[in-house]
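A.B. asks: build me a model:
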Amino acid sequence: MSRYIRDMRGYGAQTPDPQWPGGAKVAVQFVLNYEEGSENHIAHGDAGSEAFLSDIAGAASWPGQRHWNMDSIYEYGARAGFWRLHRLFTGADIPVTIYGVATALARSPEQVAAMIDADWEIASHGLKWVEHKDMAPEDEAAAIAEAIRLHTEVVGERPRGWYTGRCSQHTVRLVAEEGGFDYVSDTYDDDLPYWSEIGARDQLIIPYTLEANDMRFATSPGYTTGEEFFTYLKDAFDTLYAEGEAGAAKMMSIGLHCRLIGRPGKMAGLKRFIDYIQTFDGVWCPRRIDIARHWAATHPHTRRARPSQMDRATFVAAYGGIFEHSPWIAERAYDLELGPAHDSAVGLHNALCRVFRAASQEARLGVLTAHPDLAGKLAAAGRLTHESTSEQASAGLDMLTDAEREAFTMLNTQYVAKHGFPFIIAVRDNTKASIMDAFQTRITNNTPSERATACKQVERIALHRLKDLV
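C.D. replies: Numbering: from 1, shown residues only. Below you'll find the predicted structure:
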C-alpha cells in the first residue's frame, strides 16, 4: 500500500463560507514580525553574524565576527521602525498580530509593553530567529518548550499562536503535539484556515504569506519602492474583495518586519494601503487569534472516516459495491498511491475508475454483464442491490405500466442478443422518457462503440453512488 502525505485538494472547488463577523467580504490580517535581538549573532552564542532579510545586498554570514552594518540594520527595526509602525496601526485603530521571537521580546521590554497596551496579540515566532531545517526533532521540541517558557515569563501569558518561519519538516507536528496552541501558521497553502488531524489533536492551521510580505524588499525579484508594495497589496485586496462580494469570502495575510517596512519610504506604501481599505465597507481587520477563535466557533472540526486512511477490509467493505458486483476494483484501488486528494467522492472515483480502465477487456465486460436489466426480472423479483433498486426507482422504473414493462422487456432482449451485455445508463441523469429514447437509439450502435458507451455509463453510476457515501 502506498499513501501520499501531501494534500493537493484542500477545500476543492467549493470553499466554505467563513461567515466573517458582520458579514465581512474579506478579512485583512496584519502580522508584524519582531525579530530584532534574536538574529544570528556571536553575542547570542551563534557561530557568526546574520545574513537574512536586510537591506545589505548579497549579505553573507561572517563566522566568528560581528557584522556591524547588519547589527545596526536590525537595531533600527527595534529603535525606530517599531515605533513608526506602532503609531501607524494604533492611529488607524487596527490591531495586529506580533510574531515575537522569545529572545527578541526579552531584549525589548518597552516594545512589549506597547504591544500589550495596544491589545495586540503576541504570538510566538520561536526561541531564536535561526534556521531549523537541520535541527533534530528532539532539539526542536526543546526549543519550542523554551520559547513558550521565556515568552510566558516576558509577556505575562503563554502564546496561543505559533509561526517559526525558518522551520523544519517537523515543526507543525511538534507544535501541534505541544497541545496548547489555538493555531499554527507555518504553511502558505490556502486563503482560509483549515483543520489538520495530527495524531489525536485537531490543530487549526491559519496559512501565512511570503508574497504579500515586505520581505520582498530584501529579495530579488522584489519591491524597490513603497508604491510597488502598495500596488501589489491593492491588487490582492481588490481580487479578494470581489470574490467576497460573489459569496466566496477569504482571508488576506500581510507580513511586515520592523527593520524593512519601518523605513519611511517603504512605510508610505503600507499607509496608502491602509487608507485605501478603510474606504470600503465589509472589511474585517482582526488579530490572528480572533480568526482562530471565530473559526473554531463557526467551523468546529469533526473527524470522519477517510478512504486513504482505511485498512483494506474496511475500504473494500465500503466501496466494493460501487461497481456492480465487482469488489476486485476496490481491492486493486486500495493499492494505488491514495492520499488526501482521494478522500472526496471525485477523488475516490478517479482511483476506482483508473482500475476499471486499466483492466482487461474481459474483466471490463464482466462488470458490464454484472449489471441487471433495467426494469427486468430481477427488479420484479426484488433481487436488485440496494443501490440499483434506489437508482431505478429515481427514474420511476419501479412504477411502469404493463405496456411500458413489455416495451422494456422487448428492448432488453434485443439489446443483450446484439451486444452481449445489458443496456446500462445512469438513470439518475435521466427520466423514464429519456431512458427509453436512449435505449431505442443505442440499440442500433455497433458493439465496440456501445461497449465504450456502457463503460462510461458505469463510471457515471459509480460517481453517483460515491456522492451518496463520501
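
A.B. asks: how about the nearest residue to Pro16 once chain neighbours are set aside, what does it touch?
C.D. replies: Of all residues not flanking Pro16 in the chain, His299 sits nearest, at 6.4 Å (Cβ to Cβ, 6 or more residues apart in numbering). Where you see a C-beta, it was placed from the backbone N, CA and C, and this is true even at glycine. If you count contacts by Cβ atoms under 8 Å, 6 or more residues apart in numbering, His299 has them with 16, 18, 193, 195.

A.B. asks: separation between His299 and Trp195?
C.D. replies: Counting by Cβ to Cβ, to the nearest Å, the gap between His299 and Trp195 amounts to 8 Å.

A.B. asks: before we move on, what about Asp275?
C.D. replies: Look at Asp275 and Trp195: by Cβ to Cβ, they are 35 Å apart.

A.B. asks: how about Leu174?
C.D. replies: 18 Å.

A.B. asks: tell me which of those two has more neighbours.
C.D. replies: Leu174 (23 against 17; other Cβ atoms under 10 Å).

A.B. asks: what's the local residue count around Ala242?
C.D. replies: 12.

A.B. asks: His132 - nearest residue in space that isn't next to it in sequence?
C.D. replies: Ser168 (4.5 Å).

A.B. asks: just Ile289 next, same as before
C.D. replies: Closest to Ile289 by Cβ to Cβ, 6+ apart is Glu121, at 4.6 Å.

A.B. asks: please list all residues in contact with the closest residue to Tyr163 other than its chain neighbours.
C.D. replies: In this structure, Tyr163 finds its nearest non-sequential neighbour in Ser185, 4.2 Å apart by Cβ to Cβ, 6+ apart. Residues in contact with Ser185 (Cβ under 8 Å, 6+ apart) are 123, 161-163, 205-208, 288.

A.B. asks: could I get stretch 174-188 in PDB with only the CA atoms?
C.D. replies: C-alpha atoms of stretch 174-188 as PDB (Å, rounded to 0.1, in the frame of the first residue of the first chain):
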ATOM      1  CA  LEU A 174       5.900  19.300  17.100                       C
ATOM      2  CA  VAL A 175       3.900  22.500  17.800                       C
ATOM      3  CA  ALA A 176       0.600  20.600  17.500                       C
ATOM      4  CA  GLU A 177       1.800  17.900  19.800                       C
ATOM      5  CA  GLU A 178       2.700  20.600  22.400                       C
ATOM      6  CA  GLY A 179      -1.100  20.900  22.700                       C
ATOM      7  CA  GLY A 180      -1.500  24.500  23.700                       C
ATOM      8  CA  PHE A 181      -1.800  26.400  20.500                       C
ATOM      9  CA  ASP A 182      -5.000  27.700  19.100                       C
ATOM     10  CA  TYR A 183      -3.400  27.900  15.600                       C
ATOM     11  CA  VAL A 184      -0.200  27.300  13.700                       C
ATOM     12  CA  SER A 185       0.800  29.400  10.700                       C
ATOM     13  CA  ASP A 186       3.800  27.600   9.300                       C
ATOM     14  CA  THR A 187       2.000  27.000   5.900                       C
ATOM     15  CA  TYR A 188       1.300  29.000   2.800                       C
END
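
A.B. asks: how close does Lys456 sit to Ile424?
C.D. replies: For Lys456, the distance to Ile424 - Cβ to Cβ - is 9 Å.

A.B. asks: okay, the two: which has more neighbours?
C.D. replies: Neighbour totals were compared for Lys456 and Ile424, and Ile424 leads with 24 against 13 (other Cβ under 10 Å).

A.B. asks: and that one, how close does it get to Gln440?
C.D. replies: 15 Å.

A.B. asks: and for Val112?
C.D. replies: Distance from Val112 to Gln440, by Cβ to Cβ: 80 Å.

A.B. asks: who has more neighbours, those two?
C.D. replies: Shown here are Val112 and Gln440; by other Cβ under 10 Å, Val112 has more neighbours (21 against 11).

A.B. asks: may I have the phi/psi pair for the more buried one?
C.D. replies: phi -60, psi -40 (degrees, to the nearest 10).

A.B. asks: list the contacts of it.
C.D. replies: Val112 makes contacts with 100, 105, 122, 154-155, as judged by Cβ under 8 Å, 6+ apart.

A.B. asks: filter those residues down to the ones in helices?
C.D. replies: Among the contacts of Val112, the members falling in helices are 105, 154-155 (criterion: DSSP state H).

A.B. asks: what pLDDT does Ile56 get?
C.D. replies: Looking at Ile56, its pLDDT stands at 58.

A.B. asks: how many other residues sit next to Arg312?
C.D. replies: Quick note: Arg312 (other Cβ under 10 Å) scores 12 neighbours.

A.B. asks: what is the burial count for Arg87?
C.D. replies: If you count neighbours by other Cβ under 10 Å, Arg87 ends up with 10.

A.B. asks: okay, and it sits in which element?
C.D. replies: Taking DSSP states H and E as the criterion, Arg87 maps to helix 82-92.
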